[in-house]
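Asker: structure for this input, please:
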Amino acid sequence: MARGLDEIVAATTRVRAAIDSVVSGRTGLAEVTVAVLLAEGHLLIEDVPGVGKTTLAKALARSIDCRVGRIQFTPDLLPSDLTGVNIFRTATHDFEFRPGPVFNNVVIGDEINRASPKTQSALLECMEEGQTTIDGTSHTLPRPFLVVATQNPVEMEGTYPLPEAQRDRFMARLTVGYPENDAELQMLDRQETADPLAHLSPVTTGDDMVRYADIVRAVYAAGPVKQYVLDLVGATRLHDGLRLGASPRASLQLLRAAKASAAMAGREHVLPDDVQTLAVPVLAHRLILSTESRLGGVTPERVIEEIVQRTPVPGGRAASAPPPAGSFARPARGR
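Answerer: Numbering: from 1, shown residues only. Presented below is the predicted three-dimensional model:
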C-alpha cells in the first residue's frame, strides 16, 4: 500500500504541474481536478466565457496517455451523436455498431448546457453506470472514464439549465474565475508566440490511473470521519435556506473524493481536513436555494461554508489515527 501511495503522490504531482503550466494563477483547481480523476468521478466546470474552462479540461486530458474524445454541444446535437449508432450494412445484411465519442477514457463536453435536455440526459447512464444502452444492447465504457463538462451560467442566451439529476452525477463543480493581474500578465507572455497546450506531453497513463483508483478505494476512513460526512450532508437537508439538500450519492462521492485527497497527500487514512477541503466543490452544485435565499443574495457555496463552520469536527485518536493492521481489503475491480 505504501509503495502504491508513493506512486500516486509522484504521478498526481506531475499531473497537477502540467495543468498549472497551462492554467496558472487559479489556486486549488488542479488539486480538485486530479482528486475527481482518482476518485473515478466526473467534473463540471462552470463560469463565464473566456476564463479557461475548456483549456483546463484539455490540459487534464493531454497530461494522461489515453483516448480522449471531445463533444461540442449545440442545440441540434442528438443523443446518438454522443453514444453511437447501429448502421445497417447491405453487404452483410447485418447491423454494425459505430461507437460515439463517449467511448473514450476522457470525454470533454464543451458547453454542455447548449444542448437540449434530451441530449444532456444521454450522458446519465454513461456517467453513473459506466455503460450505455443502444437499441436494447448494453455497451461497457472503458476505464478510466471521466466526463469533464463545461458550461456557461444558465442566464446566458441560448442555454438550457442542467436538470438536478444530471448535476448530481457530477462529483464536483469548479468555478475557474478570473486570474490575478500578475497571472494574467504571465499568460499574455506565455501565449504570445505559442500555445502551451501544444507542448504539453502525457505524464502518466490511463492504465496507471485505473490502478491508482483501485488503491484510492482502499484508503481507510474511520467511523467518526464517515459520520462527519453524514453530518455535513444531513445539515443541507435541514437548512432553512435550502429547498433541496444533498443526496445520499453526495455522501458517497464526498467520501470517495476525500480518500483521493488523502492518497494525493501520501496518507493511508482520511482526515476531517480532506472532507472540509472538498465540501464546497462536491456539495454546492447539488443544492437548490429557497426563494428567500436567492433574493437575499445567498449562494450555495456560502451555505456549505456556513455548515462546515458550525458542524463539530470529530476529534481524538479515532478520527485521525492510521488504520489498524490488516484493515485494507483488496480493492474491487470494475466500477
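Asker: surely F88 touches R98?
Answerer: No - with contact defined as Cβ atoms under 8 Å, F88 does not count as touching R98 (11.3 Å). Using the backbone N, CA and C atoms, a C-beta is placed for each residue, glycine as well.
Asker: overlap in contacts, these two.
Answerer: Between them, F88 and R98 share no contacting residue under Cβ atoms under 8 Å, 6 or more residues apart in numbering.
Asker: among those two, which residue is more densely surrounded?
Answerer: Counted by other Cβ atoms under 10 Å, F88 and R98 do not tie: R98 has more neighbours, with 12 against 9.
Asker: alpha carbons of the host helix or strand of the more buried one, as CSV, please.
Answerer: Taking DSSP states H and E as the criterion, R98 maps to strand 94-99. Provided in CSV are the C-alpha atoms of strand 94-99 (Å, rounded to 0.1, in the frame of the first residue of the first chain):
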residue,chain,number,x,y,z
ASP,A,94,-26.4,-7.0,-40.6
PHE,A,95,-26.1,-4.0,-38.3
GLU,A,96,-22.7,-2.6,-37.4
PHE,A,97,-22.2,-0.6,-34.2
ARG,A,98,-20.4,2.8,-34.7
PRO,A,99,-19.4,4.0,-31.2
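Asker: so R14 lies in a helix, does it not?
Answerer: Yes - the assignment for R14 is a helix, going by DSSP: H, G, I helix; E, B strand; the rest coil.
Asker: neighbours of it, how many?
Answerer: Residues near R14, counting by other Cβ under 10 Å: 15.
Asker: any idea how far the residue nearest to it when sequence neighbours are not counted is from D65?
Answerer: Counting by Cβ to Cβ, 6 or more residues apart in numbering, R14 lies nearest to V203, which is 3.8 Å off, once chain neighbours are set aside. Taking Cβ to Cβ, to the nearest Å as the measure, V203 falls 8 Å from D65.
Asker: what's the answer for D195, then?
Answerer: Distance, D195 to D65, using Cβ to Cβ: 20 Å.
Asker: before we move on, what about A222?
Answerer: From A222 to D65 the distance is 36 Å (Cβ to Cβ).
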